[in-house]
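1. below: sequence and its predicted model.
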Amino acid sequence: MKLYVVPTPIGNLEDITIRAINILKSVKFIACEDTRRIQVLLKHYNIEGKTLLSYYHPKEAIQIRKIISLIRKDEDVALVSDAGTPAISDPGFKLINACIKEDIPVEVLPGPCALITALVGSGLPTHSFMFLGFAPRKSQESFYKEIFSCDAGSYILYESPQRILDTLDFISQIEPNITVAIARELTK
């Protein structure tokens, strides 16, 4: 059996593929960050009777062993994130890596991804870009100086609404002529 990596909507619940819905209907187990968030999606598409496995940072190691054990017992498992593609700045990469090391097939479905949606909608160059994930809370100066020393084209980072103004101020001190696009609630 296998691990399915299933992207979920980043806002609008209709932004999901038919294939993703079919996978979620077909598996018995769904590994998810927040069981409450996935239940909203499952209810919207009348998907019932699933066992939800809470999969987030503090529980990763224990859940990886449990999920691999389920797959070894001929169960398919779907990995989802709260929004977007699993393993992109959220839990998932360690599970995917562990499955690969254990020769367990991993099937990644295409689908919603906030970084690509934001980049394309920004009007910034898309031919070359660097994804930074979430900005660090500490050592920002060395982080941004190192990043901006590379000519990667466009830079994409995730930041919380509470920290965005401070982060923009900090970036403008290091790179005063930078062009910035801010994206939020991309598909709602």
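-> Alright, I've got the coordinates. Fair warning: this is a prediction, and the values are worked out from it, not measured in the lab.
2. domain-wise, how is the protein divided?
-> 3-108, 114-174 (automatic domain parsing).
3. now the last one, how far from the centre of its chain.
-> Put plainly, it is domain 114-174. Averaging C-alpha positions (CA atoms, centre = their mean, to the nearest Å) puts domain 114-174 17 Å from its chain's average.
4. just checking, what packs against the helix or strand where K43 lies?
-> Element membership for K43 (DSSP states H and E) is helix 35-44. Here helix 35-44 is seen to pack against strand 29-32, strand 51-54 when contacts are counted using 3 or more CB pairs under 8 Å, 6 or more residues apart in numbering; DSSP states H and E. Yep, even glycine has a C-beta here, placed from its N, CA and C like the rest.
5. most packed of those strands?
-> Greatest average neighbour count among the helices and strands packed on helix 35-44 goes to strand 29-32 (a mean of 24), per mean count of other CB atoms under 10 Å.
6. mind listing what's buried in the longest helix seen in the chain?
-> Counting by DSSP state H, the longest helix found in the chain is helix 60-72. By neighbour count with 16 or more other CB atoms under 10 Å, helix 60-72 contains the buried residues E60, Q63, I64, K66, I67, I68, L70, I71.
7. of those, just say which sits nearest to K101.
-> I68 (9.6 Å; CB to CB).
8. residues in contact with the helix holding K43?
-> Helix 35-44 is touched from outside by 8-9, 13, 16, 24, 30, 32, 47-48, 50, 52, 54, 80, 82-83, with contacts defined as CB atoms under 8 Å, 6 or more residues apart in numbering.
9. selecting buried members of these in PyMOL, what would you type?
-> Only the buried entries of these go into this PyMOL selection, using 16+ other CB under 10 Å:
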select buried, resi 8+9+16+24+30+32+47+50+52+80+82+83
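10. the chain: helices as residue ranges?
-> Using DSSP H, helices in the chain cover 18-26, 35-44, 60-72, 93-101, 114-122, 140-148, 164-174.
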